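1. Predicted model, plus sequence, below.
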Amino acid sequence: MEQKQTSRASFGGSIGFVLAAAGSAVGLGNIWRFPYLAAKDGGGFFLLVYLVLAITFGFTLLTTEVAIGRFSKQSPRTAYSKVKKGWGGLGILSTIVPIMIFPYYCVIGGWVLKFFIAFLTGHNLEAAEDGYFTGFITDQYEPIIMLFVFILICAVIIFMGVTSGIESVSKIVMPALLLIIIGIAIYSLTLKRTDADGTRTGLEGLKMLVVPSFEGMTLKKFCITIIDAMGQLFYSLSVAMGIMITYGSYVKDDNNLVKSINQIEIFDTVVAFLAGVMILPSIYVFSGPEGMSAGASLMFVALPKIFAQMGFFGRYFGALFFLMVLFAAITSAMSILEAIVSVFIDRFGMSRRRSTVLVAFFCFLIAVVVCLGYNKLYFEAILPNTEPGHNAQILDIMDYISNNVLMPIVSIATCILIGWVVKPEFVIKEVTKNGEKFGRKGLYIVMVKFVVPVLLLILLLISFGIIKF
Ligand code: PHE
């Protein structure tokens with residue numbers, strides 16, 4: 001079907017694009033996964049590996065998707081076939097990914113909202129009690145109400161459009177997020193506590209993040225660090241789910257893409273690092289190095305307990321923290337919603353308003369099923385990558401299929417398309433079309449043709465449990 005040619009929305013300027021893309025990239029992954037991995041995988045050593053991968057692996061994927069977007073001026077469903085006829089199937093696959101992610105990401109967004117409200121209204125001590133989080137997610141109604149509010153916020157932003165919605169919200173929320181996280185990080189460094197085990201300070205906790213630890217370093221541990229860093233980076237940059245293609249399609253032709261891509265990467269990495277500076281010292285001071293955990297249990301169980309120990313400031317500190325996480329979650333979720341909505345606009349010629357309402361409504365229904373996975377529809381499933389003792393729910397299954405299976409496949413296929421079918425010159429031409437200097441050109445070619453697809457294939461085989469460490 002021919003797409004309806006209406007004049008395409010665009011970001012007003014490169015700052016708007018950078019902040020919107022950084023808003024998508026900076027999300028729960030930066031806050032609940034990065035600090036945990038850094039602490040687990042040798043602190044400064046993990047940081048170093050992560051940085052090297054960011055300027056090679058991450059840069060390649062991000063450049064590729066943004067360039068495909070700006071070249072095609074299409075959302076993911078139709079973008080690939082504009083690049084090369086016959087590759088529409090990849091467009092379908094990369095549209096399925098955000099459709100799978102959006103509902104469960106919003107469920108988690110609802111949890112963040114609940115905790116923000118709890119701290120704001122002074123229920124911070126209750127939130128620290130054992131069983132508070134489990135009690136909340138197993139409740140039949142409350143998570144659905146929170147989910148509804150969260151989706152509504154995202155839908156209103158997307159409804160308002162690219163410039164007045166996405167761009168203006170990103171321009172306010174992202175600087176605010178940065179300020180809050182810097183503030184909390186500084187406060188976290190000043191923490192100090194004395195108990196039976198002696199005195200622990202925030203600065204000592206920072207060592208878990210920055211000092212390279214080669215203790216017990218083996219080849220196996222080395223490989224695990226690289227795999228962890230790669231998986232984290234992949235998720236953190238919001239690639240392989242059509243988002244960067246969609247946002248790239250709103251970038252004006254005279255914008256310097258090379259510069260913008262560098263800025264997005266720097267923003268994402270700085271926030272991940274600051275999240276480490278914020279979380280690791282607090283965990284270290286209040287529960288010792290063993291207190292570190294990842295995922296929902298860090299954010300909704302361990303941290304509220306820590307805020308409770310902070311005394312008077314704990315409540316405000318916690319409210320600010322959850323507000324910051326809420327900002328991160330909203331800007332990520334709205335980018336996923338936009339990727340889906342833009343497909344309906346481009347592929348079916350639907351109006352933005354209609355398609356936003358439709359998509360948000362159907363995703364809400366799917367998300368309700370995800371919520372019920374913790375009570376009415378509870379079951380116990382084991383996935384290849386689940387930790388012992390942890391049963392996978394509907395949310396984990398959707399997360400596994402999208403992140404561990406579909407996303408690597410989409411990115412491998414994209415690398416084959418760009419590296420081997422249309423050739424890397426395709427992307428190079430797009431990013432240098434105003435005479436920009438593309439410093440890492442040679443690197444880009446080698447990465448997109450060989451290194452990135454091979455690394456992603458390894459990641460995929462690990463997800464399937466075919467390669468085991
Ligand atoms: N990149 C986001 C993060 O680091 C996660 C995300 C996932 C964003 C899916 C958009 C879509 O948390």
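-> Structure received.
2. Flag every buried residue along stretch 12-20.
-> Of all the residues in stretch 12-20, those buried under the rule 16 or more other C-beta atoms under 10 Å are 14, 16, 17, 18, 19, 20. Glycine gets a C-beta too; all of them are placed from N, C-alpha and C.
3. Just the residues you listed: which are in helices?
-> Residues of the buried residues of stretch 12-20 located in helices (DSSP state H): 14, 16, 17, 18, 19, 20.
4. what's the closest of the residues you listed to residue 336?
-> Minimum separation from residue 336 among these (C-beta to C-beta) is found for residue 20, which lies at 12.6 Å.
5. Report the secondary structure element holding the closest residue to that closest one other than its chain neighbours.
-> The spatial neighbour of residue 20 that comes closest, neighbours along the chain excluded (C-beta to C-beta, 6 or more residues apart in numbering), is residue 170 at 4.3 Å. Using DSSP states H and E, the secondary-structure element containing residue 170 is helix 168-189.
6. That helix and the ligand, are they touching?
-> No - contact check for helix 168-189 against the ligand, using C-beta under 6 Å from any ligand atom: none in range, with a minimum separation of 12.5 Å.
7. Please state the offset of that helix from the chain centre?
-> 17 Å (C-alpha atoms, centre = their mean, to the nearest Å).
8. Give me the helices and strands touching it, please.
-> If you count contacts as 3 or more C-beta pairs under 8 Å, 6 or more residues apart in numbering; DSSP states H and E, helix 168-189 packs onto helix 14-25, helix 202-210, helix 257-287, helix 312-348.
9. Please identify the buried residues of it?
-> Residues of helix 168-189 classed as buried by neighbour count (16+ other C-beta under 10 Å): 168-171, 173-174, 177-178, 180-181, 184-185, 187-189.
10. how close does the residue lying closest to residue 226 once chain neighbours are set aside get to residue 373?
-> Computed as C-beta to C-beta, 6+ apart, the closest residue to residue 226 that is not its neighbour in sequence is residue 49, at 5.8 Å. With the distance defined as C-beta to C-beta, to the nearest Å, residue 49 ends up 35 Å from residue 373.
11. Would you agree the residue nearest to residue 226 falls within a strand?
-> No - counting by DSSP: H, G, I helix; E, B strand; the rest coil, residue 49 falls outside a strand, being helix.
12. Near the ligand, which residues of the stretch 101-250 of the chain? Just list them.
-> 101, 105, 235, 236, 238, 241.
13. Name the SS class of the residue lying closest to residue 448 once chain neighbours are set aside, please.
-> Residue nearest to residue 448 in three dimensions, not counting chain neighbours: residue 419, with 4.4 Å by C-beta to C-beta, 6+ apart. In terms of secondary structure, residue 419 is helix; the call rests on three-state DSSP.
14. residue contacts, residue 419?
-> Under the criterion of C-beta atoms under 8 Å, 6 or more residues apart in numbering, the neighbours of residue 419 are 445, 448, 449, 450, 453.
15. Against the ligand, how distant is the second one?
-> Residue 448 sits 21 Å away from the ligand when distances are taken as C-beta to the nearest ligand atom, to the nearest Å.
16. next one: the first one
-> To the ligand, residue 445 is 26 Å away according to C-beta to the nearest ligand atom.
17. For the closest residue to that residue other than its chain neighbours, list the residues it contacts.
-> Leaving aside its sequence neighbours, residue 445 sits nearest to residue 424 (C-beta to C-beta, 6+ apart; 4.6 Å). Contacts were defined as C-beta under 8 Å, 6+ apart; by that measure residue 424 touches 418, 444, 445, 448, 449.
18. With residue 67 instead?
-> Neighbour list for residue 67: 248, 257, 426, 427, 430, 431 [criterion: C-beta under 8 Å, 6+ apart].
19. try residue 321
-> Taking C-beta under 8 Å, 6+ apart as the contact definition, residue 321 lies against 119, 180, 184, 278, 303, 307.
20. Hmm, the fifth one is touching residue 278, no?
-> By that I understand residue 303. No - between residue 303 and residue 278 there is no contact, the gap being 10.0 Å when judged by C-beta atoms under 8 Å.
21. Look at these two and report which has more neighbours.
-> Set side by side, residue 303 and residue 278 show more neighbours around residue 303, with 27 against 24, by other C-beta atoms under 10 Å.
22. tally of neighbours for the residue in the stretch 301-450 of the chain positioned nearest to the ligand?
-> When scored by C-beta to the nearest ligand atom, the stretch 301-450 of the chain has residue 332 as its residue closest to the ligand, at 3.7 Å. For residue 332, the count of nearby residues is 24 (other C-beta under 10 Å).
23. Please tell me how far residue 274 sits from residue 398.
-> If you measure residue 274 against residue 398 using C-beta to C-beta, the figure is 29 Å.
24. The protein: strands as residue ranges?
-> If DSSP state E is used as the criterion, the strands of the chain fall at 192-195, 198-201.
25. ranking these by burial, who's on top?
-> strand 198-201 (a mean of 13; mean count of other C-beta atoms under 10 Å).
26. List the pairing partners of it within its sheet, with orientation.
-> Sheet pairing for strand 198-201, assigned by DSSP bridges, gives strand 192-195 (antiparallel).
27. Any idea which of the helices and strands packed on helix 168-189 has the lowest pLDDT on average?
-> The weakest mean pLDDT among the helices and strands packed on helix 168-189 belongs to helix 202-210, with a mean of 91.
28. which other helices and strands contact that one?
-> Packed against helix 202-210, as judged by 3+ C-beta pairs under 8 Å, 6+ apart, are the following elements: helix 34-40, helix 44-53, helix 168-189, helix 257-287.
29. Go again with 7 Å.
-> With contacts defined as 3 or more C-beta pairs under 7 Å, 6 or more residues apart in numbering; DSSP states H and E, helix 202-210 has these neighbours: helix 168-189, helix 257-287.
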